[in-house]
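**Student:** Got a predicted model here, sequence first, then my questions.
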Number of protein chains: 2
Amino acid sequence: MSVTASAPAKAILTGEHFVVYNEPAVVMAIDCYVHVTASERADDAVHITSDLGVSGFYKKDRYNPERGGVEAEEILMPINIAARTVLDELNEETGLDLRVSSSIPVAAGLGSSGALAVATVAAVGKLLGANFSKDDLIELSFDAERFVHSNPSGIDQTISSNGGVILYKKGEEPIPLDVEVEIPVVIGNTGMPRRTGDLVKSVRGKLNDFPEVLRPIIHAGGKLSELAAEALVHGDLKRLGELMDINHGLLSAIGVSNKMLDELVYAARDAGALGAKLTGAGGGGCIIALSTLEGRDRIANAIQRAGGTTIIAKKTDAGVRVWANPA
Amino acid sequence: MSVTASAPAKAILTGEHFVVYNEPAVVMAIDCYVHVTASERADDAVHITSDLGVSGFYKKDRYNPERGGVEAEEILMPINIAARTVLDELNEETGLDLRVSSSIPVAAGLGSSGALAVATVAAVGKLLGANFSKDDLIELSFDAERFVHSNPSGIDQTISSNGGVILYKKGEEPIPLDVEVEIPVVIGNTGMPRRTGDLVKSVRGKLNDFPEVLRPIIHAGGKLSELAAEALVHGDLKRLGELMDINHGLLSAIGVSNKMLDELVYAARDAGALGAKLTGAGGGGCIIALSTLEGRDRIANAIQRAGGTTIIAKKTDAGVRVWANPA
């Protein structure tokens, strides 16, 4: 028997960086997924194959490379950690075969590692007969996320598990937003890895150097996310787009945009986006452009002409899904 | 006998737009000048020749085109108004020959009309034996400025008359800043006319739509100018540059930057500018890049490669100057 779990990517609609300073952010699950297929093995190895072209197995937590050399362990380790957490939780000793395929770009601010951790926990859990709640999945995927991000907020696993749109504030229970309209977006990827740690640090440096200036900017960013949440609940995408444009300017002000991100943002706006901004930590990674359903192709083409790769996506209300595959 | 007056351009270092909402701005005179040479005529005409390739004369305030057709009146009228204001002030009836040459680009946010009005008043005043103070020049050039800008603040004439750097707040006496260091800059001109009225209106629209967000942004802009003034007084150009970068982001947030302005800003920063931002109303017009004296050529080349024209400039402490030409 094998079990497959799929978990969606996340995109930050508004509020990244300001969220570090206890302001709210609006985060959405998008219909771009990682899939993990799990089956049992006769031995006690955890064997992992990723469509990134790497594979290997863990025996007593020691990594044995197959494809991709020892460097591949950085990619495969969080999957092993997620699987191991479930085995420990369930007091199981079985070996596992895990096959990962993903359409979420890595290190692009789209929560690929959170989605992967959640999907792994969900697939292994169901395979071994556990009946994990969504909260269990979030909790059990934390160890894997800690390997990737030194101090994960939990937001990526939350949105991957639950789907939909949430208003998130550090240390508080995320508030699901009741959004009835479609939220069509185009993600434009610069191909440059985003540099979360460096950029969070550089924003803190600016706050230390210019507190009188940065504090009201951060405050503006928080208010903006509150208004964005309201606009979403009212289905007012035009207003959401205007807020996203303002948000991008605030992110430029705190120094986390760059030339390539701005070029993709302008390309999207010129092609009719309702709003466009960088999404995630910045310094690289992705932009997100808000669109109509029909407008997405045109925006995607414009972003591609400006040098980015694109994902045409929309909000998904389904979070993680798990199913047993036909024998 | 002929008299020549020169008056410098202005560049806004920080705070444009926010100044509309009673926040301070930092404005600097730069060594880029308009020259007006005045001499008396036997008849009662005011004859004006501009190096923009237009000429014509006013007889009893009726325009008679020579070069440039009737459209040229828009360019020549404020010069006539400035001259006429002085004639009226002094109860004189003489005709005048006025020759204008300028290295200040027009409609680019560099205060060309204010400098032209001040230089005209200064030249005509001295020609006719008046001994105008700098305050007189500012006052007497208001009518000409009103023709160009519907509701001029007076800041352009003030900086053209006095030179130096000032902290300016609407409705308050400008505060001259005691800046001992050189302030080398490169002005990069997009060649697109800036659209002051439209953009001031669009910012007000955003403030109406999103007051909770725009108010703290405007407040941040004001604090930024206060810190910029301090940095200037301490000769800390590195800090000033960082504030200019933040300021550009805030201007992007309120929607007054555009793709070309951003491209010139990035070109300047990549070429080593200490900071770069749009200057003036935005939507076109110019950027200003802060530099070292030696760094200016490199920055100017980079801006030119990005499609802008450039002016290599620095702060000038001399405001308007007037001299009688040798016979």
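**Tutor:** Nice, I can see it.
**Student:** can you tell me how far A:V185 sits from A:A327?
**Tutor:** For A:V185, the distance to A:A327 (Cβ to Cβ, to the nearest Å) stands at 38 Å. (C-beta placed from N, C-alpha, C; glycine too.)
**Student:** Likewise for A:E16?
**Tutor:** Here the criterion is Cβ to Cβ. By it, A:E16 lies 44 Å from A:A327.
**Student:** More neighbours: the two, which one.
**Tutor:** A count of neighbours by other Cβ atoms under 10 Å in any protein chain shown puts A:E16 above the other of A:E16 and A:A327, at 26 against 5.
**Student:** from memory that one sits against A:L251, does it?
**Tutor:** Yes: judged on Cβ atoms under 8 Å, A:E16 makes contact with A:L251 at a distance of 7.3 Å.
**Student:** Give me the common contacts of the two.
**Tutor:** Common neighbours of A:E16 and A:L251, using Cβ atoms under 8 Å, 6 or more residues apart in numbering or on different chains, are A:278, A:282.
**Student:** Give me the longest strand you can find in chain A.
**Tutor:** Longest strand of chain A, by residue count under DSSP state E: strand A:25-41.
**Student:** near chain B, which residues of the stretch 151-300 of chain A?
**Tutor:** Residues of the stretch 151-300 of chain A lying close to chain B by Cβ under 8 Å from any Cβ of the partner chain are A:206, A:209-210, A:212-214, A:216-217, A:219-220, A:223-224, A:226-227, A:239, A:242-243, A:245-255, A:257, A:259, A:262, A:266, A:270.
**Student:** Quick check on the residues you listed: which are buried?
**Tutor:** A:206, A:210, A:213-214, A:216-217, A:219-220, A:223-224, A:226-227, A:239, A:242-243, A:245-255, A:257, A:262, A:266 (16 or more other Cβ atoms under 10 Å in any protein chain shown).
**Student:** Please, where are all the strands along chain A?
**Tutor:** Secondary structure of chain A, counting by DSSP E: strands at A:2-14, A:25-41, A:46-50, A:54-59, A:62-67, A:95-102, A:165-168, A:175-177, A:184-189, A:275-279, A:286-290, A:309-314, A:321-324.
**Student:** For the stretch 1-150 of chain A, which residue gets nearest to chain B?
**Tutor:** Closest contact between the stretch 1-150 of chain A and chain B, by Cβ to the nearest Cβ, is at A:T14 (10.4 Å).
**Student:** what's the spacing between that residue and A:A220?
**Tutor:** For A:T14 relative to A:A220 (Cβ to Cβ), the value is 11 Å.
**Student:** Next, give phi and psi for the spatially most central residue of chain A.
**Tutor:** In chain A, the centroid-proximal residue (Cα atoms, centre = their mean) is A:G111; its distance is 1.8 Å. A:G111 adopts backbone torsions of phi 70, psi 30, taken as degrees, to the nearest 10.
**Student:** Now do the same contact list for it.
**Tutor:** Applying Cβ under 8 Å, 6+ apart, the residues near A:G111 are A:9-10, A:104, A:156, A:159-160.
**Student:** which of those residues lies closest to A:F147?
**Tutor:** Minimum distance to A:F147 across those is 13.2 Å, recorded for A:D156 (Cβ to Cβ).
**Student:** can you count the residues close to the nearest residue to the closest one once chain neighbours are set aside?
**Tutor:** Excluding the flanking residues, the one nearest A:D156 by Cβ to Cβ, 6 or more residues apart in numbering or on different chains is A:G114, at 2.7 Å. The burial count assigned to A:G114 is 32, neighbours taken as other Cβ under 10 Å.
**Student:** doesn't A:P152 make contact with A:G114?
**Tutor:** Yes: at 7.5 Å, A:G114 counts as touching A:P152 under the criterion of Cβ under 8 Å.
**Student:** Can you pull the residues that touch both of these two?
**Tutor:** With Cβ under 8 Å, 6+ apart, A:G114 and A:P152 have common neighbours A:E145.
**Student:** Please report how far A:G235 lies from B:H219.
**Tutor:** 31 Å.
**Student:** repeat for A:L207
**Tutor:** To B:H219, A:L207 is 16 Å away according to Cβ to Cβ.
**Student:** what sits against A:A115?
**Tutor:** Going by Cβ under 8 Å, 6+ apart, A:A115 touches A:7-10, A:33-34, A:102, A:104, A:156, A:160.
**Student:** With A:S50 instead?
**Tutor:** By Cβ under 8 Å, 6+ apart, A:S50 lies in contact with A:75-76, A:79, A:100-102.
**Student:** for the longest helix seen in chain A, packing partners?
**Tutor:** The longest helix of chain A (DSSP state H) is helix A:211-233. Judged by 3 or more Cβ pairs under 8 Å, 6 or more residues apart in numbering or on different chains; DSSP states H and E, helix A:211-233 is in contact with strand A:2-14, strand A:25-41, strand A:165-168, strand A:175-177, helix A:196-209, helix A:237-253, helix B:211-233, helix B:237-253.
**Student:** Among these, which comes closest to A:G283?
**Tutor:** The nearest among the helices and strands packed on helix A:211-233, by Cβ to Cβ, is helix A:196-209 at 5.0 Å.
**Student:** Now do that closest one and helix B:237-253, the angle between them.
**Tutor:** 110 degrees (axes from the mean of the first three to the mean of the last three Cα atoms, to 10 degrees).
**Student:** Report all helices and strands that helix A:196-209 contacts.
**Tutor:** helix A:211-233, helix B:237-253.
**Student:** Is it possible to get JSON lines of these that adds mean pLDDT?
**Tutor:** JSON lines is the format used below for those (pLDDT from 0 to 100):
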{"stretch": "helix A:211-233", "mean pLDDT": "98"}
{"stretch": "helix B:237-253", "mean pLDDT": "98"}
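**Student:** out of those helices, which comes closest to A:A276?
**Tutor:** That would be, of these and by Cβ to Cβ, helix B:237-253, which comes in at 12.1 Å.
**Student:** Just the pLDDT for the residue of the stretch 1-150 of chain A closest to chain B.
**Tutor:** Model confidence at A:T14, given as pLDDT, is 98.
**Student:** Retrieve the pLDDT associated with A:A327.
**Tutor:** pLDDT, read off for A:A327, is 79.
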